[in-house]
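Engineer: Build the 3D model from these lines:
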Amino acid sequence: MSSQDSTILPVLRATTAAEASNSRERLQKEVVALFDELREPLLRYLASFGLALPDGEEVLQEVFLSLFQHLDRGKSRENLRGWLFRVAHNLALKRRHRTRRDLEARAEPGVGDLAIEPGPNPEDQMVRSQTQRRLLAVIQALPEQDRRCLFLRAEGLRYREIAGILDMSLGAVSLSLARSLARIARSAER
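Structural biologist: Below you'll find the model as predicted:
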């Protein structure tokens with residue numbers, strides 16, 4: 001190795017380290033911007049799984065940590081919004097399953113047969129009008145898959161994104177949404 005090589009190598013290493021640091025800083029800023037933009041819609045979606053707010057926030061942290069790792073590895077940046085909802089969906093299902101399993105393990109014999117239904121808190125019930133309560137009941141009576149489609153569509157996701165998140169065909173998403181909206185419309189007419 002020549003003396004010129006020995007002086008150039010440390011400079012190249014320092015330059016490479018600085019570029020990597022700048023790249024991670026830009027990546028962190030991008031993830032924080034996405035967090036700020038999508039935190040509320042993702043928390044609303046996670047709440048639709050019946051997760052308590054602290055559990056939803058934990059899942060949200062896992063989602064954005066996964067996003068950072070995904071982008072840091074140079075993976076696809078295509079449709080990050082859909083990607084985030086898909087990861088949130090999968091992690092929420094795991095969290096809900098784990099929570100139910102833990103509740104059943106701690107429950108007394110026979111108590112595990114009771115279904116725990118998430119519902120609006122008492123303050124919300126007092127504020128909501130009769131029409132809103134009826135619409136909520138209609139939405140809660142929808143099959144779980146139809147509710148998921150409806151919630152994702154309400155968050156502004158396109159049919160194709162919803163199909164990818166829920167692992168359904170486009171036709172099934174369209175049918176599910178049409179069926180759900182028709183039930184809601186019938187309920188609103190009463």
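Engineer: Now Ser169: phi and psi?
Structural biologist: Note on Ser169: backbone dihedrals following degrees, to the nearest 10 are phi -80, psi 160.
Engineer: Excluding sequence neighbours, find me the nearest residue to it.
Structural biologist: Leaving out its chain neighbours, the residue that sits closest to Ser169 by C-beta to C-beta, 6 or more residues apart in numbering is Ala163, at 6.3 Å. C-beta here means a position set from N, CA and C on the backbone, and glycine is covered the same way.
Engineer: For the one you found, give its distance to Ala92.
Structural biologist: Separation of Ala163 from Ala92 (C-beta to C-beta, to the nearest Å) stands at 18 Å.
Engineer: neighbour-wise, which of the two wins?
Structural biologist: Here Ala163 and Ala92 are set side by side on neighbour count (other C-beta atoms under 10 Å), and the busier one is Ala92, at 24 against 20.
Engineer: mind checking which helix or strand the residue nearest to Ser169 is in?
Structural biologist: helix 159-166 (DSSP states H and E).
Engineer: roughly how far apart are Ile184 and Arg44?
Structural biologist: Taking C-beta to C-beta as the measure, Ile184 and Arg44 are separated by 17 Å.
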